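K.L.:
Please work out how this folds:
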Amino acid sequence: MIRPTKIGDAVAEHLEKLILEGVLRPGEKLASERDLAEKLDVSRPSLREALEKLQARGLLETTKAGTLVAHFMAPLSRPLAELFGDKPRVTADYFEYRRIIEGQAASLAASRATETDRDALKECCERMRAAHIVDDPTEEADVDADLHLLVYEAAHNVVLLHVMRVFSELLRNDVLYNRNQLYSRYGVREQLLKQHLAIADAILRSDPKAAEKAASDHIGFTFQTIEDIRRDEARVEVSLRRVSRADLLAGTRE
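P.N.:
Residues are numbered from 1 along each chain as shown. Have a look, this model is predicted:
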C-alpha cells in the first residue's frame, strides 16, 4: 500500500532543500508562522509540524525573536576556531587551500551563474565601490566576504558553499588573520578592489579561465600581504626587545 506523503513532511522537505541550496541562510529569521503558512499554502498545524522536524534535525532554532535558520555548521566552526587561531602554519595552509578552491569556484561561477546570481554580484560590486570611496575599511572587508560568498553561491555546488561558509565565519571573526590590518596597509585597499572587480567581471563575462586566474592571483596577493605584515610586526618586536634589554641585565655596581 502506497501511503501519501504527509503535508508536514513535504513542507519540511521543501524548507530543508532551501537551506541546502543556500536560499535560506544561517542566522536568517523566517516569516511569522501565520505569514509563512500563507505563503506556502499550508495549514498552520502542518507548518508547525514541519518546523518541529527541522528543529529536531538542528536546521532551525526557535528564540524569543522567532524561528531562525540555525548556524548548523557551528559544531565544526567553533573547534576549528580554537584549533586554527593565530598559527602561522595554519594561515599558510589555509591560503594554499583557498587558492585551489577559490579558482575553481570562480571558474564554476563563470560557467553556471544565473541572471539572478549576476545581479547579486553587480550589486555587491557597487557596495564595494561605495565603501571604498568613503574610506571605510571595516565595511569594505565585510563586503569582501559577501562577494566571495556570492561567488560560491554562483558556483552552484552546495558542498563547496557550506564548507566555505565555515571559513567565511572564521575570517569575519579574524581567526586566520586580522582583516583590518590587511585593509589598513598602505596601497592594499586599491589593489584588493581591482582584484575583486576583476573576479566579478570575468564571471559576468562567462570567462572561466579569466575568473580562475583572477581569483587565484587575488588569493596569492592576499597571502603575500599578510606574510609581509607579520614579518614587519616581528621586526618591530625584535627592535622593542633590544630597547628593553637593559631590564634583563644586572645593574652596574658602585
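K.L.:
Check which residues of stretch 186-195 are buried.
P.N.:
For stretch 186-195, burial by neighbour count (16 or more other CB atoms under 10 Å) applies to 188-189, 192-193, 195. Quick note: C-beta positions are derived from backbone N, CA and C, even for glycine.
K.L.:
And for stretch 35-52?
P.N.:
Neighbour-count burial for stretch 35-52 [16+ other CB under 10 Å]: 36-37, 40, 42, 46-47, 49-51.
K.L.:
Can you pull the domain assignment for this protein?
P.N.:
Domain assignment for the chain by automatic domain parsing gives 7-69, 74-232.
K.L.:
Format those as a markdown table; extra columns: distance to A250.
P.N.:
Converted to a markdown table, these look like this (distance: least, CB to CB, whole Å):
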| stretch | distance to A250 |
| --- | --- |
| domain 7-69 | 58 |
| domain 74-232 | 33 |
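K.L.:
Most tightly packed of these?
P.N.:
domain 74-232 (a mean of 17; mean count of other CB atoms under 10 Å).
K.L.:
okay, the buried residues of stretch 35-52 in CSV with pLDDT and secondary structure next?
P.N.:
Shown next, in CSV, are the buried residues of stretch 35-52 (pLDDT from 0 to 100; DSSP: H, G, I helix; E, B strand; the rest coil):
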residue, pLDDT, secondary structure
L36, 93, helix
A37, 92, helix
L40, 93, helix
V42, 92, coil
S46, 92, helix
L47, 92, helix
E49, 93, helix
A50, 93, helix
L51, 93, helix
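K.L.:
returning to that earlier point: nearest to V243, out of the domains of the chain?
P.N.:
domain 74-232 (16.9 Å; CB to CB).
K.L.:
now do the same end-to-end measure for that closest one.
P.N.:
One end of domain 74-232 to the other measures 34 Å (CA to CA, to the nearest Å).
K.L.:
and it, how far out from the chain's middle?
P.N.:
8 Å (CA atoms, centre = their mean, to the nearest Å).
K.L.:
One more: stretch 59-77?
P.N.:
Counting by CA atoms, centre = their mean, stretch 59-77 comes out at 17 Å from the chain centroid.
K.L.:
How much space separates R44 from L36?
P.N.:
9 Å (CB to CB, to the nearest Å).
K.L.:
where does D174 land in three-state SS?
P.N.:
At D174, secondary structure determined by DSSP: H, G, I helix; E, B strand; the rest coil is coil.
K.L.:
before we move on, the earlier item: now, among the buried residues of stretch 35-52, which is nearest to L108?
P.N.:
L40 (30.9 Å).
K.L.:
and stretch 103-120, what's its mean pLDDT?
P.N.:
Average pLDDT, stretch 103-120: 96.
K.L.:
how about the strands of the protein, start to end?
P.N.:
60-63, 66-69 (DSSP state E).
K.L.:
Each with direction, which strands does the first one pair with?
P.N.:
It refers to strand 60-63. Applying DSSP bridges, strand 60-63 is found paired with strand 66-69 (antiparallel).
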